[in-house]
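Colleague: any chance you could fold what I've pasted below:
(one chain, ligands or ions: 1)
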Amino acid sequence: MFFQSDNWAGVHPSIAANLSKAGEGFAAAYGNSDADRTVLDLFSEVFERDVSVYFVGTGTAANSLALAAIQRPGGAVFSHCEAHVIEDECGAPDFFSGMRMAPVAGRAGRIELDLLSKAMGAYPQDAVHHGRSAGVTITQATEMGTVYSLDQISALSEVARSHNVPVHMDGARFANALVSLDTSPAEMTWRRGVDLLSFGATKNGCWCAEAIVCFNQDLAADLAFIQKRSAQLFSKSRFVAAQFEAYFADGLWLALARHANRMADQLRERLTAADMRLAWPTTTNEVFAILPKRVAGTALGRGAHFYEWPVPSFLQGEVAEKETLARFVTSFATTDAHVDELLEALKA
Ligand SMILES: Cc1ncc(COP(=O)(O)O)c(C=O)c1O
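Modeller: Numbering: from 1, shown residues only. Predicted coordinates for the structure are as follows:
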């Protein structure tokens, strides 16, 4: 009954097998092996254009170094006020980029367009005392299990363009968003104005595989140096490559995300059927429910694992004193039986 996060799941057997296979023999280090090159080509195939790719060890590193690549002195990067880059990365994006993350509100994890325009308007390019706009970062899927529609991504990108700054996407759950929208990687990113992507695979079946994917060659110029200076250039990067190779093979990554999303669909249906209240609609692998504290406490006591989540700003007042907000995350490893067990524990 492990619903805390998708990174509590293990590694998919095909990915583990490819990792073991990569352990045989010798290969060139620091990104120069055949496996590394194969995977760089795979990324270009997946995104339908030439891309620059930099492997890193964590999602936090991907976000921080991507934002370091758009660094401007006195820069402000606009992000949703409850985004991972602001709330859960210990200031790493600010530290590595030397810029500040500027919060913008919005319902259910999505930056509100008008509020973004207003916030960026307060940071014009000549505001020496205040600081200047330097980028926009959006999370897809969002921290709240929702997704930006393709048109919403385009609209946010246009606001960024009107201020002459690039757009970064935190794709820790990129695959879950992609299959939820039933679209292509190209359509969800560069065709909609995204310049840089943190491409996460760890949460969706890999052991440890994250990458910065750069669509804008001007921004890629410094990334190799940023990666090395931040101690993220792995000598045995072929083991990260081996994970990505298996991840992309025969569309495994999409199948795993579809499964995780389907498990979340099932959980939503079962919670609703049991008269439990969903906090807001989600379409990926995260489900949020408002539960009586007594119900959550009993379920936790019976071995259900999930987090009680801070109530986001847009939901203030909707969670009563005797209630709690529970977050359930499904993964490639979640089974029907796990959902059954969770429901039993909640109903108990
Ligand atoms: C939306 C989002 N971005 C980034 C990360 C960062 O990942 P990591 O814990 O690997 O640094 C997470 C992890 O939970 C996340 O949920």
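Colleague: going forward, measure contacts and count neighbours with C-alpha atoms only.
Modeller: Noted.
Colleague: now residue 266, nearest residue through space, not along the chain?
Modeller: residue 339 (7.8 Å; Cα to Cα, 6 or more residues apart in numbering).
Colleague: I misspoke; the intended subject was residue 261.
Modeller: Nearest to residue 261 is residue 285, by Cα to Cα, 6+ apart, at 4.6 Å.
Colleague: coming back round to it: where does the residue nearest to residue 266 land in three-state SS?
Modeller: At residue 339 the chain is in helix, as set by DSSP: H, G, I helix; E, B strand; the rest coil.
Colleague: gap between it and residue 84?
Modeller: Between residue 339 and residue 84 the computed distance is 27 Å (Cα to Cα, to the nearest Å).
Colleague: could you do residue 219 as well?
Modeller: 22 Å.
Colleague: ok, now residue 216?
Modeller: Computed as Cα to Cα, the residue 216 to residue 84 distance reads 23 Å.
Colleague: and if you look at residue 281?
Modeller: On the measure of Cα to Cα, residue 281 and residue 84 end up 20 Å apart.
Colleague: which one's more surrounded, the two?
Modeller: residue 84 (20 against 15; other Cα atoms under 10 Å).
Colleague: tell me who's in contact with that one.
Modeller: Residue 84 is in contact with residue 143, counting by Cα atoms under 8 Å, 6 or more residues apart in numbering.
Colleague: show the average pLDDT along the longest helix along the chain.
Modeller: Ranked by residue count and defined by DSSP state H, the top helix of the chain is helix 252-273. Averaged over helix 252-273, pLDDT sits at 98.
Colleague: and the stretch 1-150 of the chain, which residues reach the ligand?
Modeller: Proximity of the stretch 1-150 of the chain to the ligand is confined to 58-60, 84, 143 under the rule Cα under 6 Å from any ligand atom.
Colleague: now the helices for the stretch 151-300 of the chain?
Modeller: 174-181, 185-188, 217-220, 223-229, 238-248, 252-273, 293-301 (DSSP state H, counting those that start in this stretch).
Colleague: what is the last one packed up against?
Modeller: Secondary structure elements in contact with helix 293-301, counted by 3 or more Cα pairs under 8 Å, 6 or more residues apart in numbering; DSSP states H and E, are strand 323-329, helix 336-347.
Colleague: centre of the chain versus the very next helix or strand once past it, how much separation?
Modeller: Going down the chain from helix 293-301, the next helix or strand is strand 307-308, by DSSP states H and E. Offset of strand 307-308 from its chain centre (Cα atoms, centre = their mean, to the nearest Å): 19 Å.
Colleague: mind listing the strands strand 307-308 pairs with, and their directions?
Modeller: Using DSSP bridges, the strands paired with strand 307-308 are strand 323-329 (antiparallel).
Colleague: give me the buried positions along the partner strand.
Modeller: 324-329 (16 or more other Cα atoms under 10 Å).
Colleague: could I get those residues as a markdown table with pLDDT and distance to the ligand?
Modeller: Shown next, in a markdown table, are those (pLDDT from 0 to 100; distance: Cα to the nearest ligand atom, whole Å):
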| residue | pLDDT | distance to the ligand |
| --- | --- | --- |
| 324 | 97 | 20 |
| 325 | 97 | 17 |
| 326 | 98 | 16 |
| 327 | 98 | 12 |
| 328 | 98 | 13 |
| 329 | 98 | 11 |
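Colleague: out of those residues, who's nearest residue 310?
Modeller: Closest approach between the buried residues of strand 323-329 and residue 310, by Cα to Cα: residue 325, at 7.1 Å.
Colleague: does the residue nearest to that closest one when sequence neighbours are not counted have beta-bridge partners, and which?
Modeller: Once flanking residues are discounted, residue 325 sits nearest to residue 290: 4.6 Å by Cα to Cα, 6+ apart. Beta-bridge pairing for residue 290 (DSSP bridges): residue 277, residue 325.
Colleague: OK, contacts around residue 290?
Modeller: 276-279, 319, 323-326.
Colleague: circling back to that earlier point, which one of the helices and strands packed on helix 293-301 lies closest to residue 180?
Modeller: Of all the helices and strands packed on helix 293-301, strand 323-329 comes closest under Cα to Cα, at 15.0 Å.
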